[in-house]
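Q: Need coordinates for the following:
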Amino acid sequence: MKKLIFIFLLASIAMQAQDGKHEKIKALKTAYITEKLSLTSSEAEKFWPIYNKYDEKFHDLRMKERNKIFQKLRDGLDKLNDNEANALIDASLSIESEELSLRKQLIAELRDVISSKKIIILKKTEDDFKRELLDRYRNSKGEKGEKGPKGPKGPK
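A: Numbers count the residues shown, from 1 in each chain. As a prediction, this is how the structure comes out:
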C-alpha cells in the first residue's frame, strides 16, 4: 500500500512537471505495471522490450489522433461541413482500427512471455493507471481553485 501511495504521489508530481512529462509518466507506469503483474526477473526481461515497443506505437497513434482529429474539433464544430465531418469520422475509425490491430499484435507476442491471466491483469492495470493519473491531475487542478465541469472541487 505504501508503494502505491508513493507511486501516485510521484504521478501527481509528474503531471505538474513541464519538461519530460511523458518520460516521467512512462517511468511511473513501468513501476506500477511491474508491481501489479508481479513479474519474475525472466518475465520482465522478455516483457519490457515487447511492451515498450507497442507502448511507443500507441503513443504515436494518440499523437496522430490529437493532431489530426482533436485539432479540427477544437477549431470549431460549427465550421465543419459534411465532407469534413465524414473525413474526421473515417480518420477516427481508422485510428481505432490501428489501435485494435496493435493490441492484437501485442497480446500475440506477450502470450509467449507471460500467462493469459497476467495479460488480462495488464489491461486492467493500464486502465487503473490512466484513471488514477487523471484523478490526480483533476485533484491538482481543484486544489489550485480551478473549476471543472461540475464546479469547484471540495472535500468529500
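Q: which residues touch the spatially most central residue of the chain?
A: In the chain, the C-alpha nearest the mean C-alpha coordinate belongs to Lys130, at 5.2 Å (Cα atoms, centre = their mean). Under the criterion of Cβ atoms under 8 Å, 6 or more residues apart in numbering, the contact list for Lys130 is empty. Heads up, the C-betas are built off the backbone N, CA and C, glycines and all.
Q: How about Phe47?
A: By Cβ under 8 Å, 6+ apart, Phe47 lies in contact with Leu37, Leu39, Leu110, Val113, Ile114.
Q: Which of these scores worst on pLDDT?
A: Ranked by pLDDT, the contacts of Phe47 bottom out at Leu39 (91).
Q: For that residue, which non-adjacent residue is spatially closest?
A: Leaving out its chain neighbours, the residue that sits closest to Leu39 by Cβ to Cβ, 6 or more residues apart in numbering is Phe47, at 5.9 Å.
Q: What's the mean pLDDT across the strand or helix carrying the one you found?
A: Under the criterion of DSSP states H and E, Phe47 resides in helix 41-65. Mean pLDDT, computed over helix 41-65, is 92.
Q: What ranges does this protein have for its helices?
A: 2-16, 21-37, 41-65, 71-74, 82-110, 116-143 (DSSP state H).
Q: ranking these by burial, who's on top?
A: Among those, the stretch with the highest mean neighbour count (mean count of other Cβ atoms under 10 Å) is helix 21-37, at a mean of 16.
Q: Just the C-alphas of that one, formatted as CSV.
A: Provided in CSV are the C-alpha atoms of helix 21-37 (Å, rounded to 0.1, in the frame of the first residue of the first chain):
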residue,chain,number,x,y,z
LYS,A,21,6.4,14.9,-18.6
HIS,A,22,6.0,11.9,-21.0
GLU,A,23,9.2,10.2,-19.8
LYS,A,24,8.3,10.7,-16.1
ILE,A,25,4.8,9.3,-16.6
LYS,A,26,6.3,6.4,-18.5
ALA,A,27,8.6,5.6,-15.6
LEU,A,28,5.7,5.7,-13.2
LYS,A,29,3.7,3.5,-15.4
THR,A,30,6.6,1.0,-15.6
ALA,A,31,6.8,0.8,-11.8
TYR,A,32,3.1,0.5,-11.5
ILE,A,33,2.8,-2.3,-14.0
THR,A,34,5.8,-4.2,-12.7
GLU,A,35,4.3,-4.2,-9.2
LYS,A,36,0.8,-5.2,-10.3
LEU,A,37,1.9,-8.0,-12.6
